Structures are given as structure tokens and as C-alpha cells.
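>>> Any chance you could fold what I've pasted below:
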Amino acid sequence: MDGTSTVSGAAGGVDVQAVYERRFGDTLAFRRQMWDVLCRDFFQQYVPADATVVEIGAGYCEFINHIRAGRKVAVDLNPDTRGHAGPDVAVITSSTSHIAPLGDASADVVFASNFLEHLTREDILSTLREVRRILKPGGRFLVLQPNIRYCKEDYWQFFDHITPLCDRSLTEALEMTGFRVPYVLRRFLPFTTQGRLPNSIALLKLYLKLRPAWRIFGQQSFLIATPRA
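Predicted coordinates:
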């Protein structure tokens, strides 16, 4: 479940799109089905049907294409993201640390998946401040993030991972940039679709219903942050 984001400019000039096609090309069809289930059975509860939703580091647009919302925006520096966005998704080709086309307090929900670990610490803080700027008061920043406390042996198998993050350090970064963090799910999803569990939609649906399994297999955290008044 790692690597859903196309992280432009964070891998030292490496052709990140080519890397992800090599890494996930064989599983793209499964991943689209996986995100359909994840959005419908889990993430949708945090996204009102009429909300303006922004996915940063949208990459293959797997979240933003499947979530139901009034207005959907994908932000990624890589222009190839336009080729993955659905017809109801507006695409902004931009760094996530300065999303000029989006005004202050213009989004109800911002989402990021497997993205921040690809950035430097400075870029993480700049991105978090930008997310706070575009969120409405009372808006939500939803973050799905590999937690190095639970996947330290695998965290560095992806050479474009730059910054180690866990639920505690990410909470600290969010609080440093004007958020409060009312919800932290330390263990949620496994680290990757290339792990020991088979790629099965039926198994994923069962997994989402069995919270005790999250404490065993969960290596990614899910956090909800809201702008501090």
C-alpha cells in the first residue's frame, strides 16, 4: 500500500514515474480496486458528500478518483498525474509547499497517503503549513503514513524514502505548524501490497472489519488533524 504518491523533485533527479511503474506496474489494477474499497468502507466516513477535497501528492489519483465529494482536486508536481485523474477531478501541477491556485480556507478535507516520507524535513513543514492555509476552519487533514516504529526493517527498501516518520514525530510536526491532532490510529494498514499477505479484495474487506488484526499487521498510521484556532 506504499508508494501511491508521485513525489516529484524529492528523489534527487531520479525519474520517479519510471520507478513507480517498475515498482507497482503489475499491481495497478488491484490497487484501483483496493482504493475503491478503502474509500467506500473506511475513508468516506470522514469526507462529507458535498465537501471540497484536495489530495496532495496525488500520483495515480487512487484516492481522489474513488472518494465521493462535491469538488475534487489532485495536486502533484508531476504532469503525468493528469493522465490518471478521473473526469471529475481537477488537477493542479504544483509543489505541495506552494499551491497558488488554491485560496485560503478553500478546502474541507485534504488527504495525503504515503507522501510525506519522500520529502525533506523542511519540505514537510512547508507542506503542512500550506495544507493549514487552504483548509477551512474545522476542516480535516487526513494522513495515511508508514510508521517507522512498526516497519523499520522494510521502511528503507524504497530508496526514495528520505525522512523517517512515526505517529509521534508526525504529530509533533503537525502541532508545530498550527494543527491539533484529535485522532491517531497508530496501526491501521500493512506497509505494502508487496508484503506477506496476498493481494485479495475479499481479504481486504475482511481485514477492515477485524480491528484486532490491525494491531498485528498494521504498519501504517492514520491521523486526523484540524487547524488550530
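
>>> buried stuff in stretch 64-78?
64, 65, 66, 67, 69, 72, 73, 74, 75, 76, 77, 78 (16 or more other C-beta atoms under 10 Å). Where C-beta positions appear, they are placed from N, C-alpha and C, glycine not excepted.

>>> Just give the closest residue to residue 51, not the sequence neighbours.
residue 108 (3.8 Å; C-beta to C-beta, 6 or more residues apart in numbering).

>>> just to revisit the earlier point, closest to residue 186 out of the buried residues of stretch 64-78?
Residue 186 has its nearest neighbour among the buried residues of stretch 64-78 in residue 67, at 23.3 Å by C-beta to C-beta.

>>> any weak-confidence spans in this protein?
By pLDDT under 70, the low-scoring segments of the chain are 1-26, 193-197.

>>> where do the helices sit along this protein?
For the chain, applying DSSP state H gives helices covering 16-24, 28-41, 62-66, 121-134, 148-151, 167-176, 201-209, 211-217.

>>> can you pull the contacts of the residue nearest to residue 51?
47, 48, 51, 52, 53, 135, 136, 139, 140 (C-beta atoms under 8 Å, 6 or more residues apart in numbering).

>>> same question, residue 204
34, 37, 38.

>>> is it true that the second one touches residue 202?
I take that to be residue 37. No - the pair residue 37 / residue 202 is not scored as a contact, 9.8 Å apart, by C-beta atoms under 8 Å.

>>> And residue 148, how close does it get to residue 60?
24 Å (C-beta to C-beta, to the nearest Å).

>>> circling back: reformat the contacts of residue 108 into JSON lines and put neighbour count and distance to residue 218 next to each item.
Putting the contacts of residue 108 into JSON lines (neighbours: other C-beta atoms under 10 Å; distance: C-beta to C-beta, whole Å) gives the following:
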{"residue": "47", "neighbour count": "21", "distance to residue 218": "21"}
{"residue": "48", "neighbour count": "15", "distance to residue 218": "26"}
{"residue": "51", "neighbour count": "20", "distance to residue 218": "26"}
{"residue": "52", "neighbour count": "19", "distance to residue 218": "30"}
{"residue": "53", "neighbour count": "25", "distance to residue 218": "24"}
{"residue": "135", "neighbour count": "24", "distance to residue 218": "26"}
{"residue": "136", "neighbour count": "16", "distance to residue 218": "30"}
{"residue": "139", "neighbour count": "21", "distance to residue 218": "26"}
{"residue": "140", "neighbour count": "23", "distance to residue 218": "21"}
